[in-house]
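1. structural data only, the sequence is not supplied:
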């Protein structure tokens, strides 16, 4: 499946609750899903991406849009916000690593900036 098809498939999904003690994704599944997310990198047990903007207003508009996605999906990232940048970092604490929810939300974040 092409990366754009994988991205669209993730964007059409919704997060599901992951109970504590559930299994984190396998390495192969992580590698497969990473192929759908342009610019996202692995950082420890998480995935993250830095988004750059022209000014503080644009940055905060993006942060508010990310908050809306997080609320709708009931899956919340760590955000590191500066004047003209925001780093979005996803992991699933209940599994101590990555779940499909992380990739679903990252795909939805990508959709915020699609042209």
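-> Received, thanks. No experiment lies behind these values; they were computed from the predicted model shown. Numbering: from 1, shown residues only.

2. distance check, the residue lying closest to residue 36 once chain neighbours are set aside against residue 59.
-> Nearest residue to residue 36, sequence neighbours excluded (Cβ to Cβ, 6 or more residues apart in numbering): residue 6, at 3.5 Å. C-beta coordinates here come from the backbone N, C-alpha and C atoms, glycine included. In this structure, residue 6 and residue 59 are 28 Å apart, going by Cβ to Cβ, to the nearest Å.

3. what do you get for residue 77?
-> According to Cβ to Cβ, residue 77 stands 15 Å off from residue 59.

4. would you tell me which helix is longest in the protein?
-> For the chain, the longest helix by residue count, based on DSSP state H, is helix 56-73.

5. pull the distance from that helix to the chain's centre.
-> On the basis of Cα atoms, centre = their mean, to the nearest Å, helix 56-73 sits 12 Å off its chain's mean C-alpha point.
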